[in-house]
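Novice: here are the coordinates; sequence isn't available:
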């Protein structure tokens, strides 16, 4: 389904369209002898509504699961990326409440096929 022409359509068309959305992202990263494949899938459109849900889950991870966050492992100070600040707590919240699927595996190197 293609996005509706928002200038010529009823606003409820966008809401209906966005609820039918989904995404799948495959990332291949290379570090030294290792090549890592990560697949991320979601059950909603990643735009307007998806962004609101993503930001809300980050805030809830900070508010509700603060003691479980990995920030202590990285020194607890400085400017952190979302993953180093929120870590697996955020991913688990996204899986449980957002319908997110994440899988990483080493596809070459000494630890090939190690999944997470």
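Specialist: Noted; the coordinates are in hand. Computed from a prediction, not measured in an experiment: that's the story for all the values here.
Novice: low pLDDT regions in the chain?
Specialist: Under the criterion pLDDT under 70, the flagged ranges of the chain are 1-14, 17, 72-77, 109-116.
Novice: If we use 90, what do you get?
Specialist: 1-23, 31-34, 40-57, 62, 66-88, 90-116 (pLDDT under 90).
Novice: just the strands in it please.
Specialist: When assigned using DSSP state E, the strands of the chain occupy the ranges 23-31, 34-42, 101-108.
Novice: Redo those as JSON lines? Include mean neighbour count.
Specialist: C-beta: built from backbone N, CA, C; applies to glycine. Formatted as JSON lines, the strands of the chain follow (neighbours: other C-beta atoms under 10 Å):
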{"stretch": "strand 23-31", "mean neighbour count": "10"}
{"stretch": "strand 34-42", "mean neighbour count": "16"}
{"stretch": "strand 101-108", "mean neighbour count": "14"}
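Novice: May I see those arranged in a markdown table, with distance to residue 53 as well?
Specialist: Listed next are the strands of the chain as a markdown table, based on distance: least, C-beta to C-beta, whole Å:
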| stretch | distance to residue 53 |
| --- | --- |
| strand 23-31 | 13 |
| strand 34-42 | 9 |
| strand 101-108 | 15 |
